[in-house]
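Asker: Quick one, fold the following:
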Amino acid sequence: MMFLEFFIWGIWFVTMGTYLVKNLHATGVQNATAYATQALGAIIAPTFIGLIADKYFSAQKVLAVLHIIGAILMYCASKATDFSNFYIFLLLYMLIYMPTLALVNTVSFKQMLNPNKEFPLVRVFGTIGWIIAGLLIGWLGWEQSGSLVLTFTTAAVASLILGLLAFSLPDTPPAKRGQKISLGDVFGLEALGLLKKRSFLVFFLASLSICIPLAFYYNFTNPFLNEIGVKKAAAIQSIAQFSELAFMIAMPFLLIKFGIKKILAMGMLGWGVRYILFAFGNAEAGYWMLLGGIIVHGICYDFFFVAGQIYTDNLAGEHYKNAAQSLITLATYGVGMFIGYTVSGPIVDHYQTSASIHNWQNIWLIPAGIAVVVLILFLLLFKDKAPANNSGTDSIAPISA
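Answerer: Model prediction:
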């Protein structure tokens, strides 16, 4: 289940930007608009899960139905001949895919006696699924042959398989059947009181802000690598997931050694370093810089987002734990990413020098600058000195690869 869940996402998401540019002749703004469907899905997902899946239907059945519908939508997207039609199918798909990320976790946790120890061993297969997707694209040469449309048909087939498989998963009945659930519960609004704490407020705003440069990575790295002549770019990008996996395993030890503030700061610094390496790297003598920008993904993602989940878990306490995590997810994967996708498209179009050439150095220096500014403000304003503890290790379950 976990392998297919993230294989489905990874097989098309990484290379979609390249597909849109080469096959549908999309602009930078259109490219960013397509990726923004992820953020819209993240905003809608809590409503779907909180008001429907948690209250009325078993999680595995909802998961099955969503993935079967998703298979149909993804196949339709593969047949779209212009961006407008493609976008409609993609938007509908992401609105129903994003809730499945929470559903696979729900199904997993329900079957485990000790989720703290057992879940990471299951979740790692999601990362493996993402890695295999990238390696498959590179091995089959879909980027070089102009066959990236096959990524969407492959996702459709995998989604259908997971949809059918989900019916055979152990029963996971709705956890809040018969209970009254408000929108405040769904979006974690009861945790807003935590914003009165200066440390959490600074962390909250930094989390939202750092997602703006993050969006540049997701929607333009693959087009960038292909444009400058990197071979099998999707396969090369899968190195990022190996890095993510390694640092995720090391996270509990690193938190004890460095403390939460230094770990969060290193995560933000990682984004600045990544984009500087991209800005000055190339497919020849500067190839090592491109690899460095990809390898640093483990620090960029785990040191901020995973560590941030742990920090939120420890600070919120038992009563507000779920609400606080929902609030952070809404701010980052929802609002923050949506802003990032919205601003990145016009910037990339502004630095387009010809029909298929961009001034990538200027493009990458902009998110690098944003990350550095966020880092400086965080270091100046974040004063929390409470040591990280092990009570939050159950939060090591990032939403996406």
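
Asker: quick one: buried residues of the host helix or strand of Lys61?
Answerer: Per DSSP states H and E: Lys61 is located in helix 59-79. Within helix 59-79, the residues scored as buried using 16 or more other Cβ atoms under 10 Å are 59-64, 66-78. Where you see a C-beta, it was placed from the backbone N, CA and C, and this is true even at glycine.

Asker: for the record, mean pLDDT for that helix?
Answerer: Per-residue pLDDT over helix 59-79 has a mean of 94.

Asker: Which elements pack onto that helix?
Answerer: helix 2-13, helix 83-110, helix 149-166 (3 or more Cβ pairs under 8 Å, 6 or more residues apart in numbering; DSSP states H and E).

Asker: what's the angle from it to helix 83-110?
Answerer: Counting by axes from the mean of the first three to the mean of the last three Cα atoms, to 10 degrees, helix 59-79 points 160 degrees away from the direction of helix 83-110.

Asker: next one: helix 59-79 to chain centre, how far?
Answerer: 19 Å (Cα atoms, centre = their mean, to the nearest Å).

Asker: hey, C-alpha coordinates of that helix in PDB?
Answerer: Extracted in PDB, the C-alpha atoms of helix 59-79 (Å, rounded to 0.1, in the frame of the first residue of the first chain):
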ATOM      1  CA  ALA A  59     -10.700   4.400   5.800                       C
ATOM      2  CA  GLN A  60      -9.700   1.500   3.500                       C
ATOM      3  CA  LYS A  61     -12.900   1.800   1.500                       C
ATOM      4  CA  VAL A  62     -12.500   5.500   1.000                       C
ATOM      5  CA  LEU A  63      -8.900   4.900   0.000                       C
ATOM      6  CA  ALA A  64     -10.100   2.300  -2.600                       C
ATOM      7  CA  VAL A  65     -12.800   4.500  -4.100                       C
ATOM      8  CA  LEU A  66     -10.500   7.600  -4.300                       C
ATOM      9  CA  HIS A  67      -7.700   5.700  -6.100                       C
ATOM     10  CA  ILE A  68     -10.100   4.100  -8.600                       C
ATOM     11  CA  ILE A  69     -11.500   7.500  -9.500                       C
ATOM     12  CA  GLY A  70      -8.000   8.800  -9.500                       C
ATOM     13  CA  ALA A  71      -7.000   6.200 -12.100                       C
ATOM     14  CA  ILE A  72      -9.800   7.500 -14.400                       C
ATOM     15  CA  LEU A  73      -8.800  11.100 -14.000                       C
ATOM     16  CA  MET A  74      -5.100  10.500 -14.500                       C
ATOM     17  CA  TYR A  75      -5.800   8.500 -17.700                       C
ATOM     18  CA  CYS A  76      -8.000  11.400 -18.900                       C
ATOM     19  CA  ALA A  77      -5.200  13.800 -18.100                       C
ATOM     20  CA  SER A  78      -2.800  11.800 -20.300                       C
ATOM     21  CA  LYS A  79      -5.200  12.200 -23.200                       C
END
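
Asker: For the remainder of this discussion, apply numbering that starts at 527.
Answerer: Will do, 527 is the new start, and the previous item becomes helix 585-605.

Asker: could you give the angle of that helix to helix 528-539?
Answerer: Using the same axes, to 10 degrees: helix 585-605 against helix 528-539 is 20 degrees.

Asker: Measure how helix 585-605 sits relative to helix 675-692, angle-wise.
Answerer: On the basis of the same axes, to 10 degrees, helix 585-605 is oriented at 160 degrees to helix 675-692.

Asker: Give me the contacts around helix 585-605.
Answerer: Contact with helix 585-605 is made by 534, 538, 578-579, 612, 615-616, 618-619, 622-623, 625-626, 629-630, 632-633, 636, 675, 678-679, 681-683, 685-686, 688-693, 695-700, as judged by Cβ atoms under 8 Å, 6 or more residues apart in numbering.

Asker: still on that earlier bit, tell me which of the helices and strands packed on helix 585-605 sits most buried.
Answerer: helix 528-539 (a mean of 25; mean count of other Cβ atoms under 10 Å).

Asker: Output the contacting helices and strands for it.
Answerer: helix 585-605, helix 609-636, helix 641-666, helix 675-692.

Asker: Which elements pack onto the last one?
Answerer: Just to be clear, that refers to helix 675-692. Using 3+ Cβ pairs under 8 Å, 6+ apart, helix 675-692 sits against helix 528-539, helix 542-549, helix 585-605, helix 641-666.

Asker: change it to 6 Å
Answerer: Packing partners of helix 675-692 (3 or more Cβ pairs under 6 Å, 6 or more residues apart in numbering; DSSP states H and E): helix 528-539, helix 585-605.

Asker: re earlier: okay, the helices and strands packed on helix 528-539 in a markdown table with distance to Tyr837 next?
Answerer: Listed next are the helices and strands packed on helix 528-539 as a markdown table, based on distance: least, Cβ to Cβ, whole Å:
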| stretch | distance to Tyr837 |
| --- | --- |
| helix 585-605 | 28 |
| helix 609-636 | 19 |
| helix 641-666 | 17 |
| helix 675-692 | 32 |
